[in-house]
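*Asks:* kindly return the folded structure for what I paste below:
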Amino acid sequence: MHRRSILALIATLAIAAPCAHAQSDKVLRLSTTTSTENSGLLGYLLPAFEAKTGIKVDVISVGTGKALELGKNGDVDVTLVHARKLEDKFVAEGWGIDRHDVMYNDFIVAGPASDPAGVKGSRDVIAAFKKIAAANVKFISRGDNSGTDVMEKGYWQQAGTKPVGANYVAAGLGMGEVLNMAAELNAYTLTDRATYGAYKAKTGLAILVEGDKRMFNPYGIIAVNPEKHKGINYRGAKALIDWITSPEGQARIASFKPAGEQLFFPDAK
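*Replies:* Modelled structure (predicted):
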């Protein structure tokens, strides 16, 4: 009797294991930047993917540095980010595979419409940063090792200066929260255009600097290497990569136009 019970238990586990694996394949963990979430893009894209594949996507929205760290730790299956040097390092170290270009937009400098630093209309982001540093004005930094934060720090390095003391605030927050803070403090900040568009009416901030080629902002998607961690849903990650870079996914990105303005431009090769 005891032997039959053990055999029955083994048979039950053998049947349950494939079912559990199949169920786990239907949940995909995605880490991504706050810009894709705050802008409303993911809320527009992912339902189409989920309906087509039956895969439920759980989104963790953080800065790019943290998004990649989650991948490195095996806490997500795929990551959608915008800091090419950090992405290349992530892949080169073996944490990620199957990186693909997805889309791009651009960075802008936003600030009070009164523009006390006098940078409005400039197409030279470095010259504008120098003027902001020289003026007695506040600048709100993401301060979170996000793609935006990495880009901003690179601009200050090229400018050879930055605001000092209380005029430079490292918030450690997402882009939407930083825009709200800039509005409250009558301050300047660097933001991606998409998140600015989503918060423009709420904050009243103006676009003051745009159009510099150095403000180009590309996004890439990377699967976490399943050889680094057990339980990575690589099949789900590959399905999302294939879909978002397909003509269908790319057309969906292009058709995302809140208030009639296109915020992201498809860029899959």
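*Asks:* check Leu9 and give its pLDDT.
*Replies:* pLDDT for Leu9: 42.
*Asks:* centre of the chain to the lengthiest strand in the chain, how far?
*Replies:* If you go by DSSP state E, the chain has its longest strand at strand 96-111. Strand 96-111 has its C-alpha centroid displaced from the chain centroid by 8 Å (CA atoms, centre = their mean, to the nearest Å).
*Asks:* that one pairs with which strands?
*Replies:* Using DSSP bridges, strand 96-111 pairs in its sheet with strand 188-192 (antiparallel), strand 206-209 (antiparallel), strand 216-224 (antiparallel), strand 265-266 (antiparallel).
*Asks:* quick check: buried residues in whichever helix or strand comes after the first one?
*Replies:* If I follow you right, that is strand 188-192. Counting by DSSP states H and E, the element after strand 188-192 in chain order, helix or strand, is helix 193-203. For helix 193-203, a neighbour-count test (16 or more other CB atoms under 10 Å) marks Arg193, Ala194, Thr195, Tyr196, Gly197, Ala198, Tyr199, Lys200, Thr203 as buried. Glycine gets a C-beta too; all of them are placed from N, C-alpha and C.
*Asks:* please enumerate residues in contact with helix 193-203?
*Replies:* Here helix 193-203 makes contact (CB atoms under 8 Å, 6 or more residues apart in numbering) with 34-36, 38-41, 105-108, 110, 175-176, 179-180, 182-183, 205, 207, 210, 217, 258-259, 261, 263-264.
*Asks:* tell me the SS of Asp58?
*Replies:* Under DSSP: H, G, I helix; E, B strand; the rest coil, Asp58 falls in the strand class.
*Asks:* which of the contacts of helix 193-203 are buried? Put it as a ChimeraX command.
*Replies:* Applying 16+ other CB under 10 Å to those, the buried members can be selected in ChimeraX as follows:
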select :34,35,36,38,39,40,41,105,106,107,108,110,175,176,179,180,182,183,205,207,210,217,263,264
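*Asks:* next step: the contacts of helix 193-203 restricted to strands.
*Replies:* Asn105, Asp106, Phe107, Ile108, Ala110, Ile207, Asn217.
*Asks:* which residues does the first one bridge with?
*Replies:* For Asn105, the beta-bridge assignment (DSSP bridges) gives partners Asn217.
*Asks:* so which of the strands paired with strand 96-111 is nearest Phe49?
*Replies:* Closest to Phe49 of the strands paired with strand 96-111, according to CB to CB: strand 216-224, at 12.0 Å.
*Asks:* average pLDDT for that closest one?
*Replies:* Average pLDDT, strand 216-224: 96.
*Asks:* got the buried residues for that strand?
*Replies:* Per 16+ other CB under 10 Å, strand 216-224 contains these buried residues: Asn217, Pro218, Tyr219, Gly220, Ile221, Ile222, Ala223, Val224.
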